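[1] curious how this folds, go ahead:
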Amino acid sequence: MSYNGTVTCRHCYQRGHNKRTCPAYTEKLRSYAQGEVDSGEGQNGYWHQQYAKRTGTWVDGTCAREQKKGRRDAGQKRRCTYCGKQGHNRRSCPTLAADCTSWASQALDFRRRIVADMRERGLGIGALVLQERWNEQYLSLVDNILWEQITHQMGNNDILAGQRVGHGQRRWSGGYPESDFNPHSYHKAQVVGPVGPAAVDATLPEDFFDNAVLMKLAKVAKKEHRSDDYHDNLYNYE
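    Numbers count the residues shown, from 1 in each chain. From the prediction side, this is the model:
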């Protein structure tokens, strides 16, 4: 394509079409194909087959649709990078769609339960949290919650942030306190100045439980992943 956006053919150098649709190149293939027919090669000739693939017909006008490669035919040979099966790509993979739906369902259940736990603990904006690190204890005032990070896969990720009490402008961040939601927490944080349930709900995003949001998060979480049976499908293991 030239600088002004007009397609230029690499065969005839005319503007307005490319080599794939070039009538001069099609005619050239037809001429070569006819020469192979005249020499007795028939439909086995290289140029004759190239002509058939391009036009969908042999030089005598009979149908050669089996030779013409279209997108639909090529799609049957595509292999999905998520499940390893042929016939579709990652965008249209039914396994990925089902796994994303399952992921979103698990995340929704997790979010509902952890919000209930936050209400019970009084863990929200304005809560005082006592944390121990390197044998030192200090208080922090929670002023931010990274709600988008809260899923069943958050682990020890930092989801709380705040200002250390008595330490000037020094900031603090940490994961969820040790509980069923983070059984291997290394933050050793506990709420010592709780807020009321209404305070927790006041900063809860309106779309925190929205399925469309969770599905977007699911797609991000699955972006670099493959299905559990990917290699079985790829190598046709029984």
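
[2] can you give me the helices for the chain?
    Using DSSP state H, the helices found in the chain span residues 23-38, 46-55, 71-75, 94-121, 197-202, 211-221, 230-234.

[3] just checking: what are the partner strands of the longest strand anywhere in the chain?
    Looking across the chain with DSSP state E, the single longest strand is strand 136-145. Sheet pairing for strand 136-145, assigned by DSSP bridges, gives strand 128-133 (antiparallel), strand 160-164 (antiparallel).

[4] between that strand and helix 94-121, how big is the angle?
    120 degrees (axes from the mean of the first three to the mean of the last three C-alpha atoms, to 10 degrees).

[5] in strand 136-145, which residues are buried?
    Burial within strand 136-145, assessed by neighbour count using 16 or more other C-beta atoms under 10 Å, is assigned to Leu139, Ser140, Val142, Ile145. From N, CA and C alone the C-beta is placed, and that goes for glycine too.

[6] how many neighbouring residues does Glu148 have?
    Per other C-beta atoms under 10 Å, the neighbour tally for Glu148 reads 12.

[7] give me the distance between it and Asn157.
    11 Å (C-beta to C-beta, to the nearest Å).

[8] returning to what we had before: would you turn the helices of the chain into a markdown table with mean pLDDT and distance to Asn135?
    Listed next are the helices of the chain as a markdown table, based on pLDDT from 0 to 100; distance: least, C-beta to C-beta, whole Å:
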| stretch | mean pLDDT | distance to Asn135 |
| --- | --- | --- |
| helix 23-38 | 91 | 78 |
| helix 46-55 | 88 | 75 |
| helix 71-75 | 48 | 62 |
| helix 94-121 | 96 | 24 |
| helix 197-202 | 95 | 31 |
| helix 211-221 | 95 | 36 |
| helix 230-234 | 85 | 46 |
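
[9] and those helices, which is most packed in?
    A comparison of these by mean neighbour count, using mean count of other C-beta atoms under 10 Å, puts helix 46-55 on top with a mean of 18.

[10] any idea how far that one is from the chain center?
    In terms of C-alpha atoms, centre = their mean, to the nearest Å, the centre of helix 46-55 is found 39 Å from the chain centre.

[11] which non-adjacent residue is nearest Ala199?
    The shortest distance from Ala199 to any non-neighbouring residue, by C-beta to C-beta, 6 or more residues apart in numbering, is to Gly124 (4.8 Å).

[12] pretty sure that neighbour contacts Asn144?
    No: the criterion here is C-beta atoms under 8 Å, and Gly124 misses it with Asn144 at 10.8 Å.
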